[in-house]
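**Student:** all I have is the shape, not the residue letters:
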């Protein structure tokens with residue numbers, strides 16, 4: 001086997017160590033997706049209401065990832081979480097492999113691998129089982145087909161229309177499909193050498209746009225990516241910008257992302273200066289996704305994937321331009337010593353940050369240890385009244401408790417009225433009077449929360465509940481705390497399971 005192919009296999013194998021990640025169910029929405037699929041298959045229709053909460057059951061919301069739920073449910077029924085994790089890993093690796101193929105063809109395998117390694121921390125950022133995997137894979141497939149199209153292979157473009165129908169029903173990022181086709185269409189429009197692609201790409205672009213209407217709510221599904229934030233009152237971390245995190249929650253991953261983004265714009269300018277018109281789609285795609293990734297961190301992995309070819313071209317060009325200078329440095333003993341020392345220190349720093357090192361604790365295909373214990377314990381309680389839970393753990397509770405219990409909220413901000421999130425869910429954790437009103441209004445008989453919630457309001461709220469004689473803690477583990485309302489119906493449960501004094505420290 002040629003050395004370069006072996007290196008690609010080794011790189012993808014190393015990437016797999018990040019994607020074979022145990023699902024952390026208490027904070028993932030995977031459980032809800034599985035139940036979505038079950039509900040859709042059993043009822044024979046795609047629901048468009050909130051569906052899972054006792055607080056906003058009839059609130060209408062576009063179910064923009066329903067098909068992923070069907071895939072997730074069928075996969076879970078066939079092979080449980082191991083099959084879902086393995087499938088997710090393979091699809092992500094296939095996506096990365098496809099883009100590496102494009103990068104290798106337009107530059108060199110060596111430069112493609114260097115680009116892949118350089119972008120690795122961003123590539124593996126969204127490594128859990130999510131609907132984004134479909135968008136990740138389809139983005140790669142679109143790029144591969146669009147780049148390798150020839151006059152004899154124009155029929156390949158029809159596959160993009162079919163894929164778009166799956167995409168629009170699986171994940172909100174289906175809008176990337178028309179965007180990728182549009183980038184290549186613009187090249188055919190403005191670059192004479194590619195004018196032969198104009199008609200076929202124009203038809204494909206129209207076909208992909210029309211295919212997006214093949215969803216249960218037609219035009220409402222198409223505009224959902226642009227309208228979702230019109231009713232989105234919860235500040236989800238993954239929707240914040242890189243600079244937001246650098247200001248309020250700085251960490252090596254965000255510093256590295258910022259550095260990569262700055263380098264990216266330099267490389268875009270470098271390639272533009274060379275006036276290589278054949279790379280116009282790659283320049284457009286890289287620039288647009290860099291800007292989008294800077295604004296919304298959940299897009300950074302897509303930026304990393306789709307920018308590998310441009311990085312590869314840039315590295316190849318820089319190497320060829322400065323090859324003589326590099327060779328002279330290699331013959332200079334002092335220069336070699338300095339470069340080796342700096343490189344070694346840099347390597348140690350990168351290892352220390354864990355950006356390039358997979359977590360051995362997370363490595364695996366089954367859910368994290370004891371992940372289901374709190375839900376199983378709650379089932380044995382069967383307490384009276386409704387649940388109050390926090391945002392992160394909503395999908396977990398839906399997976400384990402629906403339909404016997406409905407949640408207070410789950411990790412779909414768009415599925416709840418903004419007024420509810422702001423004036424009831426968040427306000428109840430900030431203001432004791434609002435909490436008392438909410439507890440009575442919704443007949444809250446139990447509190448089931450993910451206690452690692454890092455919002456400003458949660459920790460003071462849960463401390464007040466632990467100090468409140470009305471609420472009694474009956475369960476705690478590494479993820480969850482369960483408290484029961486000290487009402488007559490729960491008296492026997494409280495007497496049996498009350499946690500001893502001193503369990504909590506704050």
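**Tutor:** Perfect, I can see it now. Note that the structure is a prediction, hence the values are computed from the model and not measured. Residues are numbered from 1 along each chain as shown.

**Student:** what residue ranges in the protein score low on pLDDT?
**Tutor:** Within the chain, the segments meeting pLDDT under 70 span 1, 323, 326, 329, 331, 335-336.

**Student:** with adjacent residues omitted, what lies nearest to the residue most central in space within it?
**Tutor:** The structure's the chain has its C-alpha centroid closest to residue 126; by Cα atoms, centre = their mean the separation is 4.4 Å. Sequence neighbours aside, residue 301 is the residue nearest to residue 126 in space, at 4.7 Å (criterion: Cβ to Cβ, 6 or more residues apart in numbering). For the C-beta atoms, the positions are set from N, CA and C on the backbone; glycine is no exception.

**Student:** quick one: contacts for the one you found?
**Tutor:** Taking Cβ atoms under 8 Å, 6 or more residues apart in numbering, we find residue 301 in contact with 122-126, 132, 136.

**Student:** so where do the strands sit in the stretch 251-400 of the chain?
**Tutor:** 386-388 (DSSP state E, counting those that start in this stretch).

**Student:** mind listing the helices for it?
**Tutor:** 252-273, 280-295, 300-321, 323-331, 333-353, 373-381, 394-401 (DSSP state H, counting those that start in this stretch).

**Student:** dump the ones you listed into a markdown table; add distance to residue 461 as well.
**Tutor:** Converted to a markdown table, these look like this (distance: least, Cβ to Cβ, whole Å):
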| stretch | distance to residue 461 |
| --- | --- |
| helix 252-273 | 27 |
| helix 280-295 | 30 |
| helix 300-321 | 31 |
| helix 323-331 | 59 |
| helix 333-353 | 33 |
| helix 373-381 | 19 |
| helix 394-401 | 16 |
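
**Student:** nearest to residue 226, of the ones you listed?
**Tutor:** helix 280-295 (13.3 Å; Cβ to Cβ).

**Student:** for that closest one, packing partners?
**Tutor:** helix 132-148, helix 176-190, helix 242-248, helix 252-273, helix 300-321 (3 or more Cβ pairs under 8 Å, 6 or more residues apart in numbering; DSSP states H and E).

**Student:** next, the angle helix 280-295 makes with the last one.
**Tutor:** Taking axes from the mean of the first three to the mean of the last three Cα atoms, to 10 degrees, one finds that helix 300-321 is oriented at 130 degrees with respect to helix 280-295.

**Student:** buried sites along helix 300-321?
**Tutor:** By neighbour count on 16 or more other Cβ atoms under 10 Å, the buried set for helix 300-321 is 300-317.

**Student:** follow-up on the earlier one: can you say which of the helices of the stretch 251-400 of the chain is nearest to residue 80?
**Tutor:** Nearest to residue 80, of these and by Cβ to Cβ, is helix 394-401 at 12.6 Å.

**Student:** give the next helix or strand downstream of the closest one.
**Tutor:** helix 418-420 (DSSP states H and E).

**Student:** list the contacts of that next one.
**Tutor:** 55-56, 231-233.

**Student:** mind putting those into a markdown table with secondary structure?
**Tutor:** Putting the contacts of helix 418-420 into a markdown table (DSSP: H, G, I helix; E, B strand; the rest coil) gives the following:
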| residue | secondary structure |
| --- | --- |
| 55 | coil |
| 56 | coil |
| 231 | helix |
| 232 | coil |
| 233 | coil |
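
**Student:** go through stretch 60-73 and flag the buried ones.
**Tutor:** Neighbour count says stretch 60-73 has 61-73 buried, by 16+ other Cβ under 10 Å.

**Student:** can you give me the helices for the stretch 401-506 of the chain?
**Tutor:** 418-420, 427-430, 432-441, 458-467, 491-497.

**Student:** in CSV: those, plus mean neighbour count and distance to residue 330.
**Tutor:** CSV is the format used below for these (neighbours: other Cβ atoms under 10 Å; distance: least, Cβ to Cβ, whole Å):
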stretch, mean neighbour count, distance to residue 330
helix 418-420, 14, 61
helix 427-430, 20, 61
helix 432-441, 14, 68
helix 458-467, 16, 55
helix 491-497, 13, 69
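
**Student:** give me every residue that touches the spatially closest residue to residue 452 that is not a sequence neighbour.
**Tutor:** Closest residue to residue 452 apart from its sequence neighbours, by Cβ to Cβ, 6+ apart: residue 479 at 6.8 Å. Shown in contact with residue 479 (Cβ under 8 Å, 6+ apart): 26, 371, 374, 393, 450-452.

**Student:** same question, residue 412
**Tutor:** If you count contacts by Cβ under 8 Å, 6+ apart, then residue 412 has 29, 32, 50, 61, 394 around it.

**Student:** out of those residues, list just those in helices.
**Tutor:** 32, 394 (DSSP state H).

**Student:** turn the contacts of residue 412 into JSON lines, columns for distance to residue 265.
**Tutor:** Listed next are those as JSON lines, based on distance: Cβ to Cβ, whole Å:
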{"residue": "29", "distance to residue 265": "33"}
{"residue": "32", "distance to residue 265": "38"}
{"residue": "50", "distance to residue 265": "41"}
{"residue": "61", "distance to residue 265": "37"}
{"residue": "394", "distance to residue 265": "38"}
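
**Student:** tell me the one of the contacts of residue 412 nearest residue 435?
**Tutor:** Closest to residue 435, out of all of the contacts of residue 412 and judged by Cβ to Cβ, is residue 394, at 18.5 Å.

**Student:** thinking again about what came up before, tell me how far the residue nearest to residue 126 lies from residue 15.
**Tutor:** With distances taken as Cβ to Cβ, to the nearest Å, residue 301 is found 12 Å from residue 15.

**Student:** now for the two: what residues contact both?
**Tutor:** 123-124.

**Student:** quick one: list the elements packing against the lengthiest helix in the chain.
**Tutor:** For the chain, the helix with the greatest residue count under DSSP H is helix 66-106. For helix 66-106, the elements it packs on are helix 3-19, helix 30-43, helix 109-118, helix 132-148, helix 300-321, judged by 3+ Cβ pairs under 8 Å, 6+ apart.

**Student:** reformat those as a markdown table; add distance to residue 162.
**Tutor:** Formatted as a markdown table, the helices and strands packed on helix 66-106 follow (distance: least, Cβ to Cβ, whole Å):
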| stretch | distance to residue 162 |
| --- | --- |
| helix 3-19 | 26 |
| helix 30-43 | 21 |
| helix 109-118 | 28 |
| helix 132-148 | 11 |
| helix 300-321 | 21 |
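
**Student:** looking at these, which is closest to residue 437?
**Tutor:** helix 30-43 (27.8 Å).

**Student:** so what secondary structure elements neighbour the closest one?
**Tutor:** Against helix 30-43 (3+ Cβ pairs under 8 Å, 6+ apart) you get helix 66-106, helix 394-401.

**Student:** which residues sit against the last one?
**Tutor:** With contact meaning Cβ under 8 Å, 6+ apart, helix 394-401 is reached by 25-35, 52, 372, 375-376, 378-379, 387, 389, 405, 407-412, 448, 450.

**Student:** the inter-axis angle of that helix versus helix 373-381?
**Tutor:** Using the same axes, to 10 degrees, helix 394-401 lies at 50 degrees relative to helix 373-381.

**Student:** by how many degrees do helix 394-401 and helix 30-43 diverge?
**Tutor:** Using the same axes, to 10 degrees: helix 394-401 against helix 30-43 is 50 degrees.

**Student:** next, the buried residues of helix 394-401.
**Tutor:** 394-401.

**Student:** just the angle between it and helix 66-106, please?
**Tutor:** Using the same axes, to 10 degrees: helix 394-401 against helix 66-106 is 130 degrees.

**Student:** circling back: and the contacts of residue 301, which two are furthest apart?
**Tutor:** Between all members of the contacts of residue 301, the farthest pair (by Cβ to Cβ) comes out as 122 and 132, at 13.4 Å.

**Student:** for the helices of the stretch 251-400 of the chain, which one sits closest to residue 182?
**Tutor:** The nearest among the helices of the stretch 251-400 of the chain, by Cβ to Cβ, is helix 280-295 at 8.6 Å.

**Student:** great, nothing more from me.
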